[in-house]
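> Model the structure of this input:
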Amino acid sequence: MKITEYTLHRLHLPLREPIGDSQVRFVDHWMTVVELHSEAGHSGVGFAIQQGQPTASLVDLKLQFEYSVWPSLVGGSPLGLSQRITRPRGGNVGGGYLKPPIETALWDLIGKQQELPLYQLLGGENPRVAAYASTLDFHLDDAEFRTKLERFCSQGFSAVKTKIGHPDLAWDLRRLSLAKEVMGGDVRLMIDANEAWSVKETLIRLNAYRDAGHEIFWIEDPITREDYEGYARLCAELQFTRVNTGEYLGYSGKRRLLEHNAVDVLNIHDSISVSRAAAWLAADYGVPVSLGNTILELGVHLAASLPECLALEFSDLIWNQLAVDPVRFEDGFAIAPDRPGHGIELDRDKVAFYSKP
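Numbering: from 1, shown residues only. Sure, this is the predicted structure:
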């Protein structure tokens, strides 16, 4: 099977409500959809999201794609292209064709050629993956936050991650109390500060939450991403919770976290190949992994292929409207589709509705 054609789509997705954290606020997503077509009649689909500003026009996206990506893909084998290793040196750092949307489309094609769902192609056996609700609530008022929690509770979630890091400690404590009030006192509670604090402030806040009766399963990204010594100190001193970080780092940064004993749960969020490599390395250190939000919840396949993935993040975002049959969530579990490839068929009417030139 060889790649012969491509199609690009430029979409604008207004969000149902503002999302964000202690650092950012977004009201929409700009998505690029990449379809790679083979001479055998199969198509593989990948996705990229840009937040905060529009993507380039569709004409410019195509010009960029044909200049920097398409020459490396046309006529190639999806399996061979997905496995190619390049040396990240000099001008090649951050370059190349194997970006997450391209890699996703390639694996989708490979699965369709082999007539296997992606999680099985990656070695997984069980399509069910533990998942947690993620509220992205920092810019919602208490009533809006409660409504969002109630929606997740009705969907069967027993674990939730909320945004904290407000300058006012009382605000954080109130949101944690609301989460337990709505989700139940036995809810597994995670929190995400999005690099809001110093090491000392993190210790003050986590102890304050504990003193208020809140048991925190993990604290995510409390300090700046490359403060490896700081993360090592937090892991050593916060014996009553877990430190989750790594989402903002590439493979090298994830490796440094492990080398510094600076992470309790490694967030391997990245492309399929980089995430699997990071998970292999984390296993060497005896560190479990987690997976952050992935477009159209396609990370369920990756998570289902990893034996030590504690949980997959789910924020119930508008991008799931683009799928004819989205990834299902039942009783706190994500269910990887059993259809060949990643199993997400585009709803062409919705793609047309959200398309922009």
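> residues in contact with residue 73?
By Cβ atoms under 8 Å, 6 or more residues apart in numbering, residue 73 lies in contact with 3, 6, 36, 81, 97, 102. All C-beta spots, glycine's among them, are computed from the backbone N, C-alpha and C.
> swap that for residue 21, please
136, 138, 163, 165, 192, 193, 194.
> where does the protein dip in pLDDT?
91-95 (pLDDT under 70).
> Just give me the residue right at the centre of it.
residue 293 (2.7 Å; Cα atoms, centre = their mean).
> give me every residue that touches residue 173.
Counting by Cβ under 8 Å, 6+ apart, residue 173 has contacts 208, 209, 212, 214.
> of those, closest to residue 244?
residue 209 (15.2 Å; Cβ to Cβ).
> that older thread, against residue 30, how distant is the residue nearest to the centre of the chain?
16 Å (Cβ to Cβ, to the nearest Å).
> likewise residue 81?
Distance of residue 81 to residue 30, computed by Cβ to Cβ: 26 Å.
> Out of the contacts of residue 73, flag the one nearest to residue 279.
residue 102 (20.7 Å).
> can you pull the contacts of the closest residue in space to residue 127 that isn't next to it in sequence?
In space, and not counting its chain neighbours, residue 127 is closest to residue 336: 3.9 Å by Cβ to Cβ, 6 or more residues apart in numbering. By Cβ under 8 Å, 6+ apart, the contact list for residue 336 reads 117, 118, 119, 124, 127, 128, 129, 300, 301, 304, 327, 343.
> go on, residue 22?
Contact partners of residue 22, counting by Cβ under 8 Å, 6+ apart, are 138, 163, 164, 165, 166, 193, 194, 195, 196.
> Which residue is the nearest non-sequential neighbour of the fifth one?
Spatial nearest neighbour of residue 166, excluding adjacent residues (Cβ to Cβ, 6+ apart): residue 172 at 5.4 Å.
> Can you report how many residues neighbour the one you found?
Residues near residue 172, counting by other Cβ atoms under 10 Å, number 22.
> SS state for it?
Of the three states, residue 172 takes helix under DSSP: H, G, I helix; E, B strand; the rest coil.
> Tell me the most packed of the contacts of residue 173, by neighbour count.
residue 209 (22 neighbours).
> Double-check that that residue belongs to a helix.
Yes - when three-state DSSP is applied, residue 209 is found to be in a helix.
> State the distance from it to residue 117.
40 Å.
> cool, residue 346 as well?
17 Å.
> For residue 138, give me its contacts.
So residue 138 contacts 20, 21, 22, 25, 163, 165, 166 (Cβ under 8 Å, 6+ apart).
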